[in-house]
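S.K.: Next one to model:
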Amino acid sequence: MATAVDPSQLDSQTGNERWLRMYRRMFTIRTFEEQVNDLYTRALMPGLAHLYIGEEAVAVGICEALAPDDYITSTHRGHGHCLAKGAAPDRMFAELLGREAGYCKGKGGSMHIADPATGNLGANAIVGGSAGIATGAAFTAKRLKTGQVSVCFFGEGALGQGSLYEVMNMASLWKLPVIYVCENNLYNEYTHYSEVTAGDILARGTAFGLDGESVDGQDVRAVHAAARKLV
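M.R.: Presented below is the predicted three-dimensional model:
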């Protein structure tokens, strides 16, 4: 079972321990997704399956910088986020297969997994649908002075959703502890992002006065370094 590590403990660990743990977590996500793909292509899994293969370094690099009780929200391509934040592979498989032992008793399926115990407020099949949830969680954390951070994972396809900019505006005005993570895998479902997304992606957030950084999503060390700084 992958578990998030309290950032206060990171400095007491050697770099090798940290990188090996992150590599194991990335490898777990990759092998999990390969098995999901096998089940799906053999028609043994109900519903749809949107794989996280190739983006493992993003979820792992970010979640490694979070405390166990920090929040995340996920997307329809969210298996990797769930596992990186501490979800157990067996309960994940149970959920995808519609079994009662799953995180949502099999009713959420591949695109709607949630696990409040690990701070996972849920994956969402609606493009950009979790931005408000993550921002609301950050508002609550600030109001209650819990010190928690909220992370919103979304794809570049969500850049066309107005609700994302509404909550970015609120987050900047109210100085909320929320991090918006845009995972640009170059495709909005089947359409290359250059055909539907104008301008500089990073500028979408900095226009609201949010701190922003662009990193190579294939480099887990670079992602982790950026995440620690933002956290």
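S.K.: Just confirm residue 153 is within a helix.
M.R.: No - going by DSSP: H, G, I helix; E, B strand; the rest coil, the assignment for residue 153 is strand, not a helix.
S.K.: Pretty sure it sits against residue 73.
M.R.: Yes - contact criterion C-beta atoms under 8 Å: residue 153 and residue 73 qualify, at 6.7 Å. No exception for glycine: its C-beta is placed from N, CA and C like everyone else's.
S.K.: Overlap in contacts, those two.
M.R.: residue 130 (C-beta atoms under 8 Å, 6 or more residues apart in numbering).
S.K.: Residue 215 and residue 107: what is the separation?
M.R.: 36 Å (C-beta to C-beta, to the nearest Å).
S.K.: swap in residue 150?
M.R.: Distance of residue 150 to residue 107, computed by C-beta to C-beta: 25 Å.
S.K.: Tell me which of those two has more neighbours.
M.R.: Taking other C-beta atoms under 10 Å, residue 150 and residue 107 do not tie; residue 150 has more neighbours (27 against 11).
S.K.: For the more buried one, list each beta-bridge partner.
M.R.: residue 71, residue 178 (DSSP bridges).
S.K.: Next up, the contacts around it.
M.R.: 70-73, 134-135, 137-138, 141, 176-179 are the contacts of residue 150 under C-beta under 8 Å, 6+ apart.
S.K.: Now neighbour count too, for these, in JSON lines please.
M.R.: As requested, these are exported to JSON lines (neighbours: other C-beta atoms under 10 Å):
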{"residue": "70", "neighbour count": "25"}
{"residue": "71", "neighbour count": "25"}
{"residue": "72", "neighbour count": "32"}
{"residue": "73", "neighbour count": "28"}
{"residue": "134", "neighbour count": "27"}
{"residue": "135", "neighbour count": "25"}
{"residue": "137", "neighbour count": "25"}
{"residue": "138", "neighbour count": "25"}
{"residue": "141", "neighbour count": "20"}
{"residue": "176", "neighbour count": "23"}
{"residue": "177", "neighbour count": "20"}
{"residue": "178", "neighbour count": "28"}
{"residue": "179", "neighbour count": "24"}
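S.K.: Nearest to residue 33, out of the residues you listed: which one, please.
M.R.: Nearest to residue 33 among these, counting by C-beta to C-beta, is residue 72 at 17.9 Å.
S.K.: And the contacts of the helix or strand bottoming out on mean pLDDT in the chain?
M.R.: Of all helical and strand segments in the chain, the minimum by mean pLDDT, DSSP states H and E falls on strand 187-188, at a mean of 84. For strand 187-188, contacts defined as C-beta under 8 Å, 6+ apart pick out 155, 156, 157, 193, 196, 197.
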